[in-house]
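Student: Coordinates for the following, if possible.
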Amino acid sequence: MAEKHQHHLFHHHKDEEKPFDTSVYSQTAYSTDTPAGYGAGLDKTEVDYKKEEKHQKHREHLGELGTAAATAFAVHEKHKAEKDPEHRYRHKIEEGIGEAAAMGAGGFAFYEHQEKKEEEAHGKKHHHLF
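Tutor: The predicted structure follows:
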């Protein structure tokens, strides 16, 4: 009898040989003695506050943009519901979805804003007054 051999994309037979990694890594790039690459020179407890502040500001702006887009979609669907009586119920549902998305995006933007304020209150952001 002929053996039945099935080819699968992700499933391999156990009796097949597995290829081994022959690549050689540079001692300088992956050395544990010398800090190199992302976060080089920073302690693990030390945080780049300017980078974190910029990241939170960016995420806050994305939340605001999402709120504006979802609100515009909800208003558009409300207008469609008034103009298209045949599909009024569908447009009302899509309007509700747009309103929910706007609320979620607004909540996200508010959360990021509060995180930024919290960091300022804890003295992590240093202001130079003089």
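Student: And the stretch of helix or strand residue 116 belongs to, what's buried?
Tutor: Per DSSP states H and E: residue 116 is located in helix 88-121. For helix 88-121, a neighbour-count test (16 or more other C-beta atoms under 10 Å) marks 91, 94-95, 98-99, 101-102, 105-106, 108-109, 112-113, 116 as buried. C-betas here are computed from N, CA, C, even on glycine.
Student: State the pair within those residues that is farthest apart.
Tutor: Within those, 91 and 116 form the most distant pair, 37.3 Å apart (C-beta to C-beta).
Student: Does anything pack onto the helix holding residue 116? Which helices or strands?
Tutor: In terms of contacts (3 or more C-beta pairs under 8 Å, 6 or more residues apart in numbering; DSSP states H and E), helix 88-121 is packed against helix 49-83.
Student: burial count for residue 77?
Tutor: Number of residues near residue 77 (other C-beta atoms under 10 Å) recorded here: 20.
Student: thinking it is in contact with residue 91, fair?
Tutor: Yes: using C-beta atoms under 8 Å, residue 77 is in contact with residue 91, at 5.0 Å.
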